[in-house]
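Engineer: only geometry, no sequence info:
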Ligand code: CDP
Ligand code: CDP
């Protein structure tokens, strides 16, 4: 089983993805971390994430062991991520890792949940379950602001809002693998929904699409 989750920044993709992975015993990959790690590697080497050569080299040299770096959560890494992510050579360099994870999930998992921007459209177009999770940009900025504040970072809500708007525009308007719902995706607006309500709806959707072997639950 592969579950593809796409949507804009701070919509609740990761919260839902981790919960679904636990519920259905699947492995979970936040593909944004690949782009964040690539962007951060360019920044850390003093380079410019919009420079195609620097960005492609960083994507090719990406070490999966660095995907747990707490600095990846900084909004500066998110902005650099969306700059490297607009470049076709970077996306091409990161594709195999994502597809391999989806089709050969680690630790004997029964399948995988991947979240990002192009999972249902490009990385796993054959995924039987596709979700597009969204929320108003104001709600998302508030959530991300609170999250960063709680993790001890000094942040300004209006700056986060401006960053998210710029990132949304770059992600939706790029030529290669733009952020958009797959035609067969279930679209969920989480502006007024708590994470538990979102999970309950999606679990029903998954069970309706793939009834568990041995009858109803
Ligand atoms: O966590 P948040 O939703 O803020 O962002 P993320 O998922 O960590 O992704 C950071 C950036 O990476 C996004 O703004 C996209 O530009 C890029 N990305 C992408 O292009 N394709 C993906 N599959 C995942 C992320
Ligand atoms: O992965 P993505 O960037 O889409 O979002 P996330 O990291 O799952 O969620 C961003 C923040 O919003 C977290 O602090 C979540 O607890 C919160 N959240 C929420 O308030 N309501 C939801 N329905 C989902 C997430």
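Structural biologist: Sure thing, it's come through. Given the structure is predicted, the values throughout are model-derived calculations rather than measurements. Ligands and ions are numbered 1, 2, ... in the order given.
Engineer: can you count the residues close to residue 161?
Structural biologist: Around residue 161 there are 17 other residues, counting by other Cβ atoms under 10 Å. In this view, the C-beta of every residue, glycine as well, is placed from N, C-alpha and C.
Engineer: shouldn't it be in contact with residue 136?
Structural biologist: No: contact criterion Cβ atoms under 8 Å: residue 161 and residue 136 do not qualify, at 10.8 Å.
Engineer: residue closest to the middle of the protein?
Structural biologist: residue 116 (2.7 Å; Cα atoms, centre = their mean).
Engineer: now that residue, nearest residue through space, not along the chain?
Structural biologist: Distances taken as Cβ to Cβ, 6 or more residues apart in numbering put residue 31 closest to residue 116, at 3.6 Å, once the chain neighbours are dropped.
Engineer: list the contacts of the residue nearest to residue 32 when sequence neighbours are not counted.
Structural biologist: Among residues not flanking residue 32 along the chain, residue 116 sits closest, at 5.9 Å (Cβ to Cβ, 6+ apart). Contacts for residue 116 (Cβ atoms under 8 Å, 6 or more residues apart in numbering) come out as 5, 6, 13, 30, 31, 32, 98, 123.
Engineer: check what pLDDT the residue nearest to the centre of the chain gets.
Structural biologist: Model confidence at residue 116, given as pLDDT, is 98.
Engineer: next: the one 3 residues further on.
Structural biologist: You'll see residue 119 listed with a pLDDT of 98.
Engineer: cross-check the contact I'm expecting between it and residue 30.
Structural biologist: No: between residue 119 and residue 30 there is no contact under Cβ under 8 Å: 10.7 Å.
Engineer: okay, these two: which has more neighbours?
Structural biologist: Comparing residue 119 with residue 30 by other Cβ under 10 Å, the one with more neighbours is residue 119, at 31 against 18.
Engineer: quick one: the more buried one from residue 43, how far?
Structural biologist: 25 Å (Cβ to Cβ, to the nearest Å).
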